[in-house]
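Peer 1: curious how this folds, go ahead:
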Amino acid sequence: MTAEFLDFSRSRGNDLSTPVPALGFPGLKSGDRWCLCAFRWQEAFEAGQAPRVVLRATQEGALAFCSFADLKRFAVDLA
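Peer 2: Model prediction:
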């Protein structure tokens, strides 16, 4: 997670930063890892706000929404 992506996600109606104790959700901060749906990642990518990805943990189904080349450019596990 990056602060920029968390701000972007909040602006799209998905506040991932605010804790929700009733659901056991601690809230996310920059540097955290979180499973993100491919559609939201692509939306963030198109807005220039995409976070890095762990490509080896990314489901193949993400390719229905995102190009492999774009995901690969943002991969933290290929460096």
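Peer 1: what's the closest non-adjacent residue to Ser30?
Peer 2: Computed as C-beta to C-beta, 6 or more residues apart in numbering, the closest residue to Ser30 that is not its neighbour in sequence is Ala3, at 4.4 Å. Yep, even glycine has a C-beta here, placed from its N, CA and C like the rest.
Peer 1: can you count the residues close to the one you found?
Peer 2: Per other C-beta atoms under 10 Å, the neighbour tally for Ala3 reads 11.
Peer 1: and Ala57, how many neighbours does it have?
Peer 2: Under the neighbour criterion other C-beta under 10 Å, Ala57 is assigned a count of 9.
Peer 1: same deal with the one 10 residues further on?
Peer 2: Residues near Ser67, counting by other C-beta under 10 Å, number 12.
Peer 1: what about it, distance to Asp32?
Peer 2: The span separating Ser67 from Asp32 equals 25 Å under the rule C-beta to C-beta, to the nearest Å.
Peer 1: sorry, back to before: from Phe68, how far off is the residue nearest to Ser30?
Peer 2: The gap separating Ala3 from Phe68 is 27 Å, by C-beta to C-beta.
Peer 1: ok, which stretches of this structure are helices?
Peer 2: Taking DSSP state H as the criterion, the chain carries its helices at 3-11, 38-46, 68-73.
Peer 1: for the closest residue in space to Val54 that isn't next to it in sequence, give me its contacts.
Peer 2: Distances taken as C-beta to C-beta, 6+ apart place Asp77 nearest to Val54, at 5.3 Å, with adjacent residues excluded. Asp77 makes contact with 54-57, according to C-beta atoms under 8 Å, 6 or more residues apart in numbering.
Peer 1: just among the residues you listed, which is most surrounded?
Peer 2: Leu55 (15 neighbours).
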